[in-house]
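**Student:** just to be clear, the model below is a prediction. Sequence and coordinates:
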Amino acid sequence: QVQLVESGGGLVQAGGSLRLSCTVSGRNVYYDMGWFRQAPGKEREFVAAITRNSATTLYGDSMKGRFAISRDNVKNTMYLQMNSLKPEDTARYYCAASVSVASLTTHRVDYWGQGTEVTVSS
């Protein structure tokens, strides 16, 4: 079993930055992990994923160059550094764990967190 708890969301102005954290309990070292987001009235969207050894990272098209995913297995924490934020980045951001990054990119997730809200004002 894996439990995921997100933090770090909040209100930020356009152009600003936020760093989300996902604290993992359980056997996280056996899972690849990622971030998703869901805006009101929209489908859940893949944001980024990272392999268990941090060797590979993947990003959704609209996040490339602005977001950076990382993890620290010693601290049992995954991060999402979000820069140059835009109003369209406003959403609830979810932490996820799965057997592979390929699974994450196709939304085949084994464990979800509860999410943290990010609001970007114009």
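**Tutor:** That came through fine.
**Student:** helix/strand/coil for A97?
**Tutor:** Three-state call for A97 (DSSP: H, G, I helix; E, B strand; the rest coil): strand.
**Student:** isn't it up against L4?
**Tutor:** Yes. Between A97 and L4 there is a contact under C-beta atoms under 8 Å: 6.4 Å. For glycine as for every other residue, the C-beta is placed from the backbone atoms N, C-alpha and C.
**Student:** can you give me the end-to-end distance of stretch 97-116?
**Tutor:** For stretch 97-116, the first-to-last residue distance is 16 Å (C-alpha to C-alpha, to the nearest Å).
**Student:** tell me the buried residues in it?
**Tutor:** 97-98, 101, 103-105, 109, 111-113, 115-116 (16 or more other C-beta atoms under 10 Å).
**Student:** go on, stretch 44-60?
**Tutor:** Buried, per 16+ other C-beta under 10 Å, within stretch 44-60: 44-52, 57-60.
**Student:** pull the CA atoms of it into PDB?
**Tutor:** The C-alpha coordinates for stretch 44-60 follow below in PDB (Å, rounded to 0.1, in the frame of the first residue of the first chain):
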ATOM      1  CA  ARG A  44      -8.000  15.100 -15.600                       C
ATOM      2  CA  GLU A  45      -4.800  16.000 -17.400                       C
ATOM      3  CA  PHE A  46      -1.400  14.400 -17.300                       C
ATOM      4  CA  VAL A  47       1.300  16.800 -16.000                       C
ATOM      5  CA  ALA A  48       4.500  15.000 -15.400                       C
ATOM      6  CA  ALA A  49       6.000  11.600 -14.400                       C
ATOM      7  CA  ILE A  50       9.300  10.400 -13.000                       C
ATOM      8  CA  THR A  51      10.800   6.900 -12.700                       C
ATOM      9  CA  ARG A  52      11.600   5.400  -9.400                       C
ATOM     10  CA  ASN A  53      15.400   6.100  -9.900                       C
ATOM     11  CA  SER A  54      14.700   9.600 -11.400                       C
ATOM     12  CA  ALA A  55      16.500   8.500 -14.600                       C
ATOM     13  CA  THR A  56      13.500   9.400 -16.800                       C
ATOM     14  CA  THR A  57      11.000  12.300 -16.600                       C
ATOM     15  CA  LEU A  58       8.100  13.000 -18.900                       C
ATOM     16  CA  TYR A  59       5.900  16.100 -19.300                       C
ATOM     17  CA  GLY A  60       2.600  17.100 -20.800                       C
END
